[in-house]
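S.K.: what shape does this take:
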Amino acid sequence: MEHVSWMTYIMLILASYRLTHLIVFDKITEFIRRPFVKKVKVETENGTKSKEVPTSMFGYLLKCYWCAGIWSAIFLGGAYLLFPKMAFILILILSIAGGQSIIETFVGVNIKKVEYYANNTKNEKK
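M.R.: Okay, here's the model as predicted:
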């Protein structure tokens with residue numbers, strides 16, 4: 001087995017994160033999840049909401065972030081160990097997208113906090 005540098009390891013982590021998010025949450029892969037989930041109506045304290053629930057074990061694996069994360073790591077780690085040059089291209093792209101999404105999430109949350117506090121400060125002054 002080849003030595004994995006710390007940079008490659010970080011890239012594998014970011015790539016696995018992004019691939020997992022792509023499978024479990026993103027709209028573009030909804031067609032993969034759709035045959036394995038069904039929509040049900042759930043009563044909450046705020047009214048009725050629609051929720052997707054798995055119809056099979058495979059559906060559960062596609063909807064469970066932790067489960068899909070294991071399979072993403074196995075796929076990407078295995079691909080890198082077996083075919084390092086070919087897998088590196090996919091890992092590079094996914095790791096860049098993963099890092100970008102983490103930064104975007106952090107920035108987006110903080111922008112909302114700033115807006116929230118700005119609005120509360122204005123309301124308190126009135």
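
S.K.: now do the buried residues in the strand or helix carrying V40.
M.R.: For V40, the host element (DSSP states H and E) is strand 37-44. By neighbour count with 16 or more other CB atoms under 10 Å, strand 37-44 contains the buried residues V37. Where you see a C-beta, it was placed from the backbone N, CA and C, and this is true even at glycine.

S.K.: again with stretch 71-79
M.R.: For stretch 71-79, burial by neighbour count (16+ other CB under 10 Å) applies to 71-73, 76-77, 79.

S.K.: what separates it from the chain centre, distance-wise?
M.R.: Relative to its chain's centre, stretch 71-79 lies at 15 Å (CA atoms, centre = their mean, to the nearest Å).

S.K.: where exactly do the strands run in the chain?
M.R.: 37-44, 47-54 (DSSP state E).

S.K.: sheet partners, orientation included, of the last one?
M.R.: Pairing partners of strand 47-54, with direction, according to DSSP bridges: strand 37-44 (antiparallel).

S.K.: so who does G77 touch?
M.R.: Listed by CB atoms under 8 Å, 6 or more residues apart in numbering, the contact set of G77 reads 12, 16.

S.K.: again, only using 6 Å
M.R.: By CB atoms under 6 Å, 6 or more residues apart in numbering, G77 lies in contact with nothing.

S.K.: roughly how far does it sit from N119?
M.R.: Here G77 is placed at a distance of 45 Å from N119 (CB to CB, to the nearest Å).

S.K.: so which helix or strand of the protein has the lowest pLDDT on average?
M.R.: Every helix and strand of the chain was ranked by mean pLDDT, DSSP states H and E. The lowest is helix 84-125, at a mean of 86.

S.K.: against which helices or strands is that one packed?
M.R.: Other elements packing on helix 84-125 under the criterion 3 or more CB pairs under 6 Å, 6 or more residues apart in numbering; DSSP states H and E are helix 6-24.

S.K.: for the helix it packs on, which outside residues touch it?
M.R.: 29, 65, 68-69, 72-73, 76, 91, 94-95, 97-99.
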